[in-house]
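Engineer: what shape does this take:
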Amino acid sequence: MPERKMYIVEHLDPELGPWSELEYIAIAEETQRAGNTFMLSSLPEGFKVPEKLAANPAFKAESRGVEEMYGGEMKDRVCLLDPQAEKDLNPDDKREFDVFLFGGILGDDPPRVDRTSELRKKGFKGRRLGPVQMTTDTAVRVTRMVVEEQFTLNKIPYTDFPELKFNEHESTEMPFRYVKGDDGKPVMPEGMVDLIKKDADKSIDDLF
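Structural biologist: Numbers count the residues shown, from 1 in each chain. Sure, this is the predicted structure:
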């Protein structure tokens, strides 16, 4: 029986913006297909989980932080995805870690609260995903491709800073790295392009 992995995103914000909602639903759906678990941790009191996310059997909502859930020796089985880590994530990490932790700022441009540095100081082992900032769903997707599908980071097809064209006159450049799909386009959550198009006059920061 394959080992089950847990993917945790720390969500410290009392609200959930439309961008993050689409990302989390995409992560839950992909995690479910792989037979694993996706958790939002450190959820503030009164946080409302969207119905579509709550209905996914792979999803768990948790008010506790990772420090409380994984103390003592259990901490050694948790991998913090950290841009300042000394080692890159690699396929062998499948044996070393059961939990993959995302500090909740991977989709912020620029990062607002550096939760990752707080977790680093608490002693969680870190791994890098590369030098280019990713959206949160992309970071989880890349981690899963390395750990579960045994890609090395340099073998994953990427597209950096893709331009989304809405029509002949409207387009926007995304300031992130994405996985490149079989169609050559960036892999994005369902509904994300429509959200960005609808809110093209807003800053990307406003959509989280």
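Engineer: so which residues make contact with stretch 180-188?
Structural biologist: Contact with stretch 180-188 is made by 26, 135, 137-138, 141, 157-159, 162, 174, 178-179, as judged by CB atoms under 8 Å, 6 or more residues apart in numbering. Every C-beta, even on glycine, is put in place using the N, C-alpha and C of the backbone.
Engineer: can I have the buried ones of these as a PyMOL selection?
Structural biologist: To isolate the buried members of those in PyMOL, using 16 or more other CB atoms under 10 Å:
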select buried, resi 26+135+137+138+141+158+159+162+174+178+179
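Engineer: I'd like the contacts of stretch 180-188 as CSV, with distance to Asp98, secondary structure and pLDDT appended.
Structural biologist: Formatted as CSV, the contacts of stretch 180-188 follow (distance: CB to CB, whole Å; DSSP: H, G, I helix; E, B strand; the rest coil; pLDDT from 0 to 100):
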residue, distance to Asp98, secondary structure, pLDDT
Ala26, 22, helix, 98
Thr135, 24, coil, 92
Asp137, 21, helix, 96
Thr138, 22, helix, 97
Arg141, 19, helix, 98
Pro157, 27, coil, 97
Tyr158, 26, strand, 97
Thr159, 30, strand, 97
Pro162, 33, coil, 95
Met174, 32, coil, 94
Tyr178, 27, strand, 98
Val179, 23, strand, 98
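Engineer: does Thr172 touch Pro162 like I think?
Structural biologist: No - at 9.6 Å, Thr172 does not count as touching Pro162 under the criterion of CB atoms under 8 Å.
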